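A.B. asks: Sequence and predicted structure, then a few things I'm wondering about:
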Amino acid sequence: MTLLRRDFLGGLAGFGLLSDRALAASTQDYPPVFETVRSQYTLLEPVLPLAPVILADRTGKPKILAPVPGRVMLVNIWATWCAACITEMPLLEKLHKELGDKITIAAVSTDRISQERVNDWLKTNAISSLPVFLDPDGKAASSAPNSKAPLRADKMPTTYLITTDGQIAGYISGAVDWLTPEGRRLLAYYGVK
């Protein structure tokens, strides 16, 4: 049996060990738990907007990475050298095929190799319809300490959830299947039906 924080705090309030004000703060509307063996969805505070960034798509053409108003967006930060990405990218491809009409998905490669080598990796791993962006210069995602990139690339892969109003709500690292019941509940919480 899992004891949730709000249940525990509610129990404390029942015994008079927690004030009404503290109980009210504990019952805020939080997203449902979404976790893997190694990571869990983490809310970001303060919540900041995802600023548009011009990157190259998989064909090398300039394309803007930006939220679509009214749509939830997942921005996945990945690289060809990342072992967990080999597991996750096909899951994102499947998610895109199943829910692409309801959610925007962008896979941002941080590789500093040629576009052709990234495309070879995508072909080898059967990634054909997932929107892929190339970010070798760290404009969208970077692990550099003083980077002005809107997203961090400290762990691979990391997926950021962008709200319908363009805010970076949170992230989860590691290979994640968003089509699990827990993943679907989190997406539904943010508006993906």
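C.D. replies: Ah, there it is. Numbering: from 1, shown residues only.
A.B. asks: Residue 66: neighbour count?
C.D. replies: Using other C-beta atoms under 10 Å, residue 66 has 17 other residues around it. For every residue, glycine as well, the C-beta is placed using N, CA and C.
A.B. asks: Could you double-check that it sits in contact with residue 49?
C.D. replies: No. Contact criterion C-beta atoms under 8 Å: residue 66 and residue 49 do not qualify, at 10.0 Å.
A.B. asks: which residues are in contact with both of the two?
C.D. replies: Both residue 66 and residue 49 are in contact with residue 166, where contact means C-beta atoms under 8 Å, 6 or more residues apart in numbering.
A.B. asks: I'd like the next helix or strand past the longest helix seen in the chain.
C.D. replies: If you go by DSSP state H, the chain has its longest helix at helix 83-99. Sequence order places strand 103-109 as the next helix or strand after helix 83-99, per DSSP states H and E.
A.B. asks: SS state for residue 187?
C.D. replies: Using DSSP: H, G, I helix; E, B strand; the rest coil, the structure places residue 187 in helix.
A.B. asks: Which residues are in contact with it?
C.D. replies: 72, 99, 103, 178.
A.B. asks: And the strands in the chain?
C.D. replies: For the chain, the strands defined by DSSP state E occupy 42-49, 53-57, 62-65, 72-78, 103-109, 132-134, 141-142, 151-152, 158-162, 167-173.
A.B. asks: which stretches of the chain have low pLDDT?
C.D. replies: 1-28 (pLDDT under 70).
A.B. asks: Dump the strands of the chain into JSON lines; add distance to residue 36 as well.
C.D. replies: Below are the strands of the chain laid out as JSON lines (distance: least, C-beta to C-beta, whole Å):
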{"stretch": "strand 42-49", "distance to residue 36": "12"}
{"stretch": "strand 53-57", "distance to residue 36": "27"}
{"stretch": "strand 62-65", "distance to residue 36": "25"}
{"stretch": "strand 72-78", "distance to residue 36": "14"}
{"stretch": "strand 103-109", "distance to residue 36": "18"}
{"stretch": "strand 132-134", "distance to residue 36": "23"}
{"stretch": "strand 141-142", "distance to residue 36": "20"}
{"stretch": "strand 151-152", "distance to residue 36": "18"}
{"stretch": "strand 158-162", "distance to residue 36": "11"}
{"stretch": "strand 167-173", "distance to residue 36": "7"}
